[in-house]
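S.K.: Have a look; sequence and predicted model below, questions after that.
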Amino acid sequence: MRTLALRPLLTAFTLLSVAAAHATAGSTATESLGWAFRFASAIVSDPKDMGKAQAAVAWDYAAMGAWREATDAAARVEGWRRGTAYADLAAALAQAGRNDDARAAIAKAEDVRQTVTGWQNPRIAAHIAGAWAALGEADKAEGLASAVALEDAQQYAGRTAATVASSRAARGDYDGAVAELDRLVEVKDIDDTWWRAVGYLDVARQTSLPRAKRAEALASARTAANSIPTWKKAEALQSIADEYRKQGFAAEAREAVAEAEGILVALPDTMPIKAPLLSNCARAWGELGRKSRARELLSRVEALAPTVQPIERPMVYANAASSFAAVGDKASARRLYGVAFDEAGTLVNARPRALAVVEICRSIGKSGVNLDDATRARLDTLFAGLKDPW
C-alpha cells in the first residue's frame, strides 16, 4: 500500500513517524523484523520481489532507530534497491541528528547508483536528494532533485518540488518552501497533486518552524488533499489527521478522519485497499480517544477480510491486528495475527506465501506484540515449507 510519504524525507504519510518509532525499538520488534528479512531473502526465484521486500524491512529498522540492524539489512538488499535503502537510512539518520552516519550512508547509496543504469538510476538519485534535504544540505538536495526532474519531468516534477520545499523548510525558509509547492497549484496530474500534499505536510512537520507557520502548512496540505481522487484522498486525509492530532488540533483531526472513513465506506467491499485503510481509520479514532468507535470499525474490517482475494487476506488481517494493538487490545491483535498466518499458509505458491509472511512479520514488529514460542514454531514450519512451486 502506497503511503503519501516522502520516505527519504522521513516521511511523511506513514503509519509510524521516525520520532515515534524510536521509542518502540527493542528485541520484540527486531526479532519480528529479523523473521521478515529472512523470508524476504528466501525469494531467490524473483530477485525483484526479493529486493523490494528486503528494502521494506530495512526501512522498518531505520524507522524505529535500530541502526545496526538497518545498516546490515541495507547492505544485503538485492539489486538496485540497495541504493534506495541506503538513501532512506541516511534520511532517518539525519532526522535523528546522526549527521556523520547519514553522510556515510549517502556515500554508500551513491556507490550503488554508479553501478546502475536505466530508470533505476534516477530513482536512487531522487531518494538521495531527499536524504540531502533531511540533512539541510539545500544546494545538494535541490541540485540533484532538479537534475532528476530534467531527465523525467512527468514522473519527478512533483517529487522534486516536494524535495526542494523540504530542504528549504529544514533551514527555516518557510516562504521559499511554500513558494516552491505553490507552483503546483494549477497542475492536475495525480502524482503532482500527491507530492504537493506531501510537501506541505513535510513542511508542517518541521519543528524548527514557528507553530503558526506549521499550522498554515498543515492547512495547505489539507486543501491540497482535495485534489487527490478516491481512496488516495482518504489515505492522505488519514496522515494529515495524524499530524493535526500531534499538533493539538483535535477537531480538525476528527473531521479529516471522518471524511476519510466516509470515502472508504463507499468503496466496494471487494476492493483490496478498503479494509486496510478502514483499519487505519480505526487506529486514528483510537488515538483520538474514540476507542469504542475504533473497535466497531475494526469489527467491520474483520468481516470484510473474507471478501478480498486470498492473496490479499493475510495482510488485511495483519493490518487489523496492528490497529487492535494500537488501541490496546493485544488479545484481539494476537488472535488476528494467528488468522493472518493461517491465511498465508493456505497460499499454494511459495512466493506469495513468503511475501505474505514478510508483511505479517513487519506488522508484528511495528505493533509491539511479542512473538511467543508457538508463533516461532509456526514461522519455522512456514520457512521450511518454502518449496516449489514458486
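M.R.: The structure has been received and is ready for your questions.
S.K.: make it CA atoms for all contacts and neighbour counts henceforth
M.R.: OK.
S.K.: how about low-confidence regions in the stretch 1-150 of the chain?
M.R.: 1-26 (pLDDT under 70).
S.K.: And the strands in it, which stretches?
M.R.: Assigned strands in the stretch 1-150 of the chain: none (criterion: DSSP state E, counting those that start in this stretch).
S.K.: centre of the chain versus stretch 203-212, how much separation?
M.R.: Counting by C-alpha atoms, centre = their mean, to the nearest Å, stretch 203-212 is centred 21 Å from the centre of its parent chain.
S.K.: Can you list the buried residues in that stretch?
M.R.: For stretch 203-212, burial by neighbour count (16 or more other C-alpha atoms under 10 Å) applies to 203-206, 209.
S.K.: Tell me which of those fall in helices.
M.R.: Residues of the buried residues of stretch 203-212 located in helices (DSSP state H): 203-204.
S.K.: Please identify which of the buried residues of stretch 203-212 is nearest to Ala29.
M.R.: Nearest to Ala29 among these, counting by C-alpha to C-alpha, is Arg205 at 25.4 Å.
S.K.: so what's that closest one closest to, chain neighbours aside?
M.R.: Nearest non-adjacent residue to Arg205, counting by C-alpha to C-alpha, 6 or more residues apart in numbering: Arg214, 6.8 Å away.
S.K.: Follow the chain on from the host helix or strand of the one you found and name the next helix or strand.
M.R.: Using DSSP states H and E, Arg214 maps to helix 211-225. Downstream of helix 211-225, the next assigned helix or strand under DSSP H and E is helix 230-246.
S.K.: C-alpha coordinates for that following helix, CSV please?
M.R.: Output of helix 230-246 as CSV, limited to C-alpha atoms (Å, rounded to 0.1, in the frame of the first residue of the first chain):
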residue,chain,number,x,y,z
THR,A,230,-11.0,8.5,-4.4
TRP,A,231,-9.2,6.3,-1.9
LYS,A,232,-5.9,8.1,-2.3
LYS,A,233,-7.6,11.1,-0.9
ALA,A,234,-8.7,9.1,2.1
GLU,A,235,-5.1,7.9,2.6
ALA,A,236,-3.8,11.4,2.5
LEU,A,237,-6.5,12.6,5.0
GLN,A,238,-5.5,9.9,7.5
SER,A,239,-1.9,11.2,7.6
ILE,A,240,-3.0,14.8,7.7
ALA,A,241,-5.3,13.9,10.6
ASP,A,242,-2.4,12.3,12.4
GLU,A,243,-0.4,15.5,12.2
TYR,A,244,-3.4,17.6,13.2
ARG,A,245,-3.6,15.4,16.3
LYS,A,246,0.1,15.7,17.1
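S.K.: That one: what's the following helix or strand?
M.R.: Following helix 230-246 in sequence, per DSSP H and E, is helix 250-265.
S.K.: what does the helix or strand just after that following helix contact?
M.R.: Sequence-wise, the next helix or strand downstream of helix 250-265 (DSSP H and E) is helix 274-287. By C-alpha atoms under 8 Å, 6 or more residues apart in numbering, the list of residues contacting helix 274-287 from outside reads 231, 234-235, 238, 241-242, 254, 257, 260-261, 264-265, 267-269, 291-295, 297-298, 301, 304-305, 315-316, 319-320, 323-324, 326-327.
S.K.: Same check on stretch 349-364?
M.R.: Defining contact as C-alpha under 8 Å, 6+ apart, one finds that stretch 349-364 is touched by 29, 32-33, 35-37, 39-40, 42-43, 53, 57, 60, 311, 314-315, 318-319, 322, 337, 340-341, 344-345, 347, 370, 383, 385-390.
S.K.: quick revisit: tell me which of the buried residues of stretch 203-212 is nearest to Ala165?
M.R.: Val203 (7.2 Å).
S.K.: so the closest one sits right up against Ser167, yeah?
M.R.: No - counting by C-alpha atoms under 8 Å, Val203 does not reach Ser167; the two are 9.2 Å apart.
S.K.: where do the contact lists of the two overlap?
M.R.: Shared contacts of Val203 and Ser167, defined by C-alpha under 8 Å, 6+ apart, are found at Ala177.
S.K.: Give me the nearest residue to Phe382, chain neighbours excluded.
M.R.: No, residue 382 isn't Phe; it's Leu. Gly345 (7.1 Å).
S.K.: what does the model give the one you found for pLDDT?
M.R.: For Gly345, the pLDDT comes out at 96.
S.K.: Could you do the one 4 residues further on as well?
M.R.: According to the model's per-residue confidence, Asn349 sits at a pLDDT of 92.
S.K.: Quick one: neighbours of it, just the number.
M.R.: 14 (other C-alpha atoms under 10 Å).
S.K.: phi, psi of it?
M.R.: Phi and psi for Asn349, reported as degrees, to the nearest 10, are phi -80, psi 140.
S.K.: Please apply the same query to Ser45.
M.R.: phi -70, psi -10.
S.K.: what number of residues lie near it?
M.R.: 11.
S.K.: about what we covered before: ok, now how distant is the residue nearest to Leu382 from Pro352?
M.R.: Here Gly345 is placed at a distance of 10 Å from Pro352 (C-alpha to C-alpha, to the nearest Å).
S.K.: So between these two, which is more surrounded?
M.R.: Between Gly345 and Pro352, counting by other C-alpha under 10 Å, Gly345 is the more crowded of the two (21 against 18).
S.K.: That one against Thr381, yeah?
M.R.: No - counting by C-alpha under 8 Å, Thr381 is not a contact partner of Gly345; they are 9.8 Å apart.
S.K.: related to what we said a few turns ago, contacting residues for the residue nearest to Arg205?
M.R.: Residues in contact with Arg214 (C-alpha under 8 Å, 6+ apart) are 203-207.
S.K.: could those residues go into a markdown table alongside pLDDT and distance to Ala157?
M.R.: What follows is the contacts of Arg214, written out as a markdown table (pLDDT from 0 to 100; distance: C-alpha to C-alpha, whole Å):
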| residue | pLDDT | distance to Ala157 |
| --- | --- | --- |
| Val203 | 95 | 18 |
| Ala204 | 96 | 21 |
| Arg205 | 93 | 22 |
| Gln206 | 91 | 22 |
| Thr207 | 89 | 26 |
